[in-house]
Structure formats: C-alpha cells, structure tokens
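K.L.:
This is a predicted model, with the sequence first.
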Amino acid sequence: MIIVTGTITARRGELERLKEIGLAHVQRSRAERGCVSHGVAIDAEDENKLVFFERWSDIGALREHFAQEKSREFVREAAKLAGAPSALHIYEAAETKIG
C-alpha cells in the first residue's frame, strides 16, 4: 500500500477557496482506480493549514492519479493560494497488527 501525506498552508484570506478546491480534489480522487482512501482536514494547531492523507493500492495507481489533468490543475491552483511552501511525502507501507 502507498500512503501519501501532504500539507498546504493558505495565504491570508484564501483558506475558504483552498478548502473548496481541496475538497473537490479529494472527492474526485476517491473515484480513481486504486484509491483506497483520500481525505483532507484542518490542522488543529494551524487553522490555515490543510492536511491531506491518502492511501493507494499501488504505486501505479498513484502515478495515474498524478498524471490526471485535474490533479495537475489542483496543484497549480493550490500553489497560487499557498502562503508557505507545501509538503508532500510518499511512503510504502504494510498494515500490521499488534497483540
């Protein structure tokens, strides 16, 4: 499984627009092949920061997601609304149980 985490901090006055496009991106992504889950939340310590958490079945599905024109469009628009550098981290993981 592939896990993606990311953050985008909105420029002053741009949080509502960033949330709008972030939610649209999440909802669109959930319908893509290989998307296990995709969500966005507001950071509890910084109300202007959106935190994205995604799970993909495999790296190929994530590459397809990144290749989508709508995904690239979201990245371009979000960059215009950001007040600080965004972060994106990709991990390969396996679920485990404790106990």
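P.N.:
Sure, I can see it.

K.L.:
As a check, name the ranges of all strands in this structure.
P.N.:
2-9, 35-42, 49-56, 87-92 (DSSP state E).

K.L.:
give me every residue that touches the residue nearest to residue 78 when sequence neighbours are not counted.
P.N.:
Using CB to CB, 6 or more residues apart in numbering and skipping residues adjacent in sequence, the residue nearest residue 78 is residue 8, 5.3 Å away. (C-beta placed from N, C-alpha, C; glycine too.) Counting by CB atoms under 8 Å, 6 or more residues apart in numbering, residue 8 touches 18, 22, 49-50, 52, 78, 81-82, 86.

K.L.:
Turn the residues you listed into JSON lines, columns for pLDDT, distance to residue 28 and neighbour count.
P.N.:
As requested, the contacts of residue 8 are arranged in JSON lines below (pLDDT from 0 to 100; distance: CB to CB, whole Å; neighbours: other CB atoms under 10 Å):
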{"residue": "18", "pLDDT": "98", "distance to residue 28": "16", "neighbour count": "23"}
{"residue": "22", "pLDDT": "98", "distance to residue 28": "11", "neighbour count": "25"}
{"residue": "49", "pLDDT": "98", "distance to residue 28": "22", "neighbour count": "20"}
{"residue": "50", "pLDDT": "98", "distance to residue 28": "16", "neighbour count": "25"}
{"residue": "52", "pLDDT": "98", "distance to residue 28": "13", "neighbour count": "20"}
{"residue": "78", "pLDDT": "98", "distance to residue 28": "14", "neighbour count": "20"}
{"residue": "81", "pLDDT": "98", "distance to residue 28": "18", "neighbour count": "21"}
{"residue": "82", "pLDDT": "98", "distance to residue 28": "20", "neighbour count": "18"}
{"residue": "86", "pLDDT": "95", "distance to residue 28": "19", "neighbour count": "15"}
